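A.B. asks: missing the sequence, but the structure's below:
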Ligand code: BMA
């Protein structure tokens, strides 16, 4: 059968993780009042292989301690029962884990107060995936969706000592295989397993509500894991519990915010009826001060009571770069006869969000008009600058909260204001969204679809998804960072543009029709309805890329666009300048991570472009991705001298290619209103499109993206012999600035200089001037000159860009003499670098030393001094000794 993807997954591999294990890192919301209690189940979990599979794997028969929340792979690893899934060649040998069942058990006690409560619920916040749960030998739950939480009433079922909770997971592959194999026509899956654990023509991953990337992706290994991956809680109360707070922002402007806060109350069944009470609200300002107290009589507390809150002169939440990230806290209390019977606190950010999709007058190169795709926050059309976020690990529970923070902070530091949480992973934990709120990173949130055609024609499947969607939207709805909910990743374009729909139509038109109607029902209606009902006004978009079920799915004039002609289609990077969509939500180029990261999974002797270990950490087209990398490296930079040079050039190529596109997108404002490259982070150490590797190290791209995403920049686009100069500004008022344009040789001799005073229009791009390249070069040798374009404001350098007229491999770069001066300033070092010869993309590498650099992959323009700050525990002589320099110049 024809594959779902443009390219196939290859073999896979292994490495060890430097990030420490941690239990569910985010602080649990443990509430305990007189009236209600919520606690993570106490005690030591254990695990073992399922009885039915024990004979084949007797060494896993005995109960061993387990980490909950966690995953079976990490439990096995912790006991030293399997090799590290990221190290060596472990991947093939570990596929059996996904083919067998696993059991988890806990013996726990319950305190007397909880046992006396009239209402007791066990809440499973995440079971991955097909599980049967028993409590004290009695069936409690059956589950089939890793993205849902499940609750079971346990009044009368608990005892004070020795409760036995047993969770039995069956293999998701075994569970679904018979059903999939019996289908006369299969639904196209995503990446077939190269390991034989599942037939290539009967992929099951698209039939299950479980993270799609567990089944392998083109940037990660295949580990079909299982486990209790979110906490298990015991919730107890007597009269009532506020399950959720819903804060509707009725109107928000500079003068006043009108909010309606609603308590979603769960009342003890025996007490349902018209019970009178009061709803009280306390509102705390972003600085923590109590600014409003309100109270209201309630005639029936079970009836979702609500209260109007008016906040004068509200402090709004803004995306990074547009203002502060103010956050209010609202505490709701339910009172009966003056006594608090339930309470809940909710943090909110006040902001308005719209998706402007007006037909407009903006024409494409052929004069055709289109339709906007612009996020408007607090009335400001915001150009979305950012990247796509993938899972941080194959095993989410071992991701420490500081790793999430470091990666999000890196996005913010790179001047990003948006991340797209892509649909092949999982809905992130609360901690991540809280960080995004605090950092002003808008979130484009996909629903978790993106791993093949789903059986949406099946109403049982759709009902399952509807519950999942409702739970997730309700959990996440108050995060001001979430500005868009999107149905799926690439499912519509796969159907319409990749031949999936046409093939099925040929094979069985009736079934094809059913599949497509199911698609329309789920992504066009069901999910839209959930977001409409529970999403507090955040817009819904049926698929990325799409124009929300318009005729065409991946159109440059309407909707969002994934552009993979460069990389996927092997087109030259310059083609980025020919593609000007309304919103670019994916485009990418690969690069290898730094050698210190590669060292974690391969020996030096294995570090060859085509060695088995390196190929296994290159998931694009079964290891062939390195050939694609070479294609791009050779086109512009020539033949790499050795593996280390290949790694360096891959990063240079990625950084230059992606920032070329970013700058083009920004210079195309307001036609283009978003530039999200593929991808921000990594799931394991390997080659990928990421700008930050698995260990948090920045590749050249993250440094360069920071410059390309700076609030005000000059952009020079060189295409077909012409250079177009623009200034892009996201400032909301008009700005005056100067452009200094100097043509110089590689030793800094200026042959042409021009200074232009310019006006940068607010929050858009302003076209300044167009040149024939000859005019800039004035007859001087193209391989020996560059144009240095600098944007200055009141003497301050805002952006600097070197424009070249021939490919790097054809430039006559001199051998540089780089001067270094070191000094210690407070807790860090400063190194000043300069050279009288042009030194492009100078990389400082400190090997295994842990060094945080303020910048890297810098270009030393002739005679100009660049200062870099270094934070490290190493001393000066260690730093100097470890430092290796590499640039584009001949060495
Ligand atoms: C995009 C994504 C991913 C994939 C990436 C690189 O389209 O949606 O599915 O990893 O391409 O091929």
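C.D. replies: Yep, it's here. Note that this is a predicted model, so its numbers are computed, not measured. Numbering: from 1, shown residues only.
A.B. asks: just to check, residue 578 is in contact with residue 719?
C.D. replies: Yes: between residue 578 and residue 719 there is a contact at 7.5 Å, judged by CB atoms under 8 Å. For the C-beta atoms, the positions are set from N, CA and C on the backbone; glycine is no exception.
A.B. asks: and the helices in the stretch 451-600 of the chain?
C.D. replies: Under the criterion DSSP state H, counting those that start in this stretch, the stretch 451-600 of the chain carries helices at the ranges 459-476, 491-497, 500-507, 509-519, 527-534, 595-598.
A.B. asks: ditto for the stretch 651-800 of the chain
C.D. replies: 700-708, 773-777.
A.B. asks: okay, these, which one's buried deepest?
C.D. replies: Of all the helices of the stretch 651-800 of the chain, helix 700-708 carries the top mean neighbour count, a mean of 25, counting by mean count of other CB atoms under 10 Å.
A.B. asks: how far away from the center of its chain is that helix?
C.D. replies: The chain centre lies 17 Å from the centre of helix 700-708; the measure is CA atoms, centre = their mean, to the nearest Å.
A.B. asks: tell me how many other residues crowd residue 512.
C.D. replies: The burial metric for residue 512, expressed as a neighbour count using other CB atoms under 10 Å, is 19.
A.B. asks: one more: residue 412?
C.D. replies: When neighbours are defined as other CB under 10 Å, residue 412 has 20 of them.
A.B. asks: check residue 201 too.
C.D. replies: Other residues near residue 201 number 11, with proximity taken as other CB under 10 Å.
A.B. asks: my guess is it contacts residue 186. True?
C.D. replies: Yes: taking CB under 8 Å as the definition, residue 201 is a contact partner of residue 186 at 6.3 Å.
A.B. asks: returning to what we had before: quick one: closest of the helices of the stretch 451-600 of the chain to the ligand.
C.D. replies: Closest to the ligand of the helices of the stretch 451-600 of the chain, according to CB to the nearest ligand atom: helix 491-497, at 9.0 Å.
A.B. asks: rewinding a little: any chance of the helices of the stretch 651-800 of the chain in JSON lines, with distance to the ligand and mean pLDDT too?
C.D. replies: Below are these laid out as JSON lines (distance: least, CB to the nearest ligand atom, whole Å; pLDDT from 0 to 100):
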{"stretch": "helix 700-708", "distance to the ligand": "15", "mean pLDDT": "98"}
{"stretch": "helix 773-777", "distance to the ligand": "34", "mean pLDDT": "96"}
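A.B. asks: out of these, nearest to residue 617?
C.D. replies: Between residue 617 and the helices of the stretch 651-800 of the chain, the shortest gap by CB to CB is with helix 700-708, which sits at 18.4 Å.
A.B. asks: and the closest one, what other elements does it pack with?
C.D. replies: In this structure, helix 700-708 packs against helix 643-667, with contacts taken as 3 or more CB pairs under 8 Å, 6 or more residues apart in numbering; DSSP states H and E.
A.B. asks: name the helices or strands packed onto the helix it packs on?
C.D. replies: With contacts defined as 3+ CB pairs under 8 Å, 6+ apart, helix 643-667 has these neighbours: helix 595-598, helix 625-637, strand 674-677, helix 700-708, strand 712-719, strand 722-729, strand 839-845.
A.B. asks: turn the ones you listed into CSV, including distance to residue 256.
C.D. replies: Formatted as CSV, the entries for these read as follows, by distance: least, CB to CB, whole Å:
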stretch, distance to residue 256
helix 595-598, 51
helix 625-637, 54
strand 674-677, 31
helix 700-708, 37
strand 712-719, 33
strand 722-729, 30
strand 839-845, 52
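A.B. asks: winner for burial among the ones you listed?
C.D. replies: With neighbours defined as mean count of other CB under 10 Å, the helices and strands packed on helix 643-667 peak in mean count at strand 674-677, which reaches a mean of 28.
A.B. asks: what sits up against that one?
C.D. replies: The contact list for strand 674-677 (CB atoms under 8 Å, 6 or more residues apart in numbering) reads 373, 375, 383-388, 418-420, 444, 560, 583-588, 658, 661-662, 665-666, 689, 691, 701, 705.
A.B. asks: and that strand, how far out from the chain middle?
C.D. replies: For strand 674-677, the distance from its own C-alpha centre to the chain's C-alpha centre is 12 Å (CA atoms, centre = their mean).
A.B. asks: so for it, mean pLDDT?
C.D. replies: Summarised as a single mean, pLDDT over strand 674-677 is 98.
A.B. asks: and what of stretch 222-238?
C.D. replies: In this model, stretch 222-238 has a mean pLDDT of 97.
A.B. asks: for stretch 549-556, same thing?
C.D. replies: Summarised as a single mean, pLDDT over stretch 549-556 is 95.
A.B. asks: how far away is the residue in the stretch 101-250 of the chain positioned nearest to the ligand from residue 693?
C.D. replies: The ligand sits closest to residue 218 of the stretch 101-250 of the chain, with a gap of 4.7 Å, by CB to the nearest ligand atom. With distances taken as CB to CB, to the nearest Å, residue 218 is found 16 Å from residue 693.
A.B. asks: of the two, who's got more company?
C.D. replies: Using other CB under 10 Å, the more surrounded residue of residue 218 and residue 693 is residue 693, with 25 against 21.
A.B. asks: so who does the closest residue in space to residue 405 that isn't next to it in sequence touch?
C.D. replies: Setting aside the residues directly before and after it, residue 405 is nearest to residue 435 in space (CB to CB, 6 or more residues apart in numbering), at 5.8 Å. The neighbours of residue 435, taking CB under 8 Å, 6+ apart as the test, are 404, 405, 408, 441.
A.B. asks: next step: these restricted to helices.
C.D. replies: Per DSSP state H, helices hold the following members of the contacts of residue 435: 404, 405, 408.
A.B. asks: and these, which is closest to residue 312?
C.D. replies: The shortest separation between residue 312 and any of those is 32.4 Å, and it belongs to residue 408 (by CB to CB).
A.B. asks: could you measure from the spatially closest residue to the closest one that is not a sequence neighbour over to residue 472?
C.D. replies: Residue nearest to residue 408 in three dimensions, not counting chain neighbours: residue 435, with 5.0 Å by CB to CB, 6+ apart. With distances defined as CB to CB, the gap from residue 435 to residue 472 amounts to 18 Å.
A.B. asks: kindly report the same for residue 444.
C.D. replies: Counting by CB to CB, the gap from residue 444 to residue 472 is 15 Å.
A.B. asks: which of the two has more neighbours?
C.D. replies: When neighbours are counted by other CB under 10 Å, residue 444 and residue 472 differ, and residue 444 comes out ahead with 27 against 21.
A.B. asks: list the contacts of the closest residue to residue 291 other than its chain neighbours.
C.D. replies: Residue nearest to residue 291 in three dimensions, not counting chain neighbours: residue 285, with 4.7 Å by CB to CB, 6+ apart. If a contact means CB under 8 Å, 6+ apart, then residue 285 has 291, 315, 328 as its contacts.
A.B. asks: and those residues, which is closest to residue 465?
C.D. replies: Closest approach to residue 465 among the contacts of residue 285 (CB to CB): residue 328, at 32.4 Å.
A.B. asks: what bridges to the closest one?
C.D. replies: Counting by DSSP bridges, residue 328 forms beta bridges with residue 348.
A.B. asks: since that was my last question, I'll sign off now.
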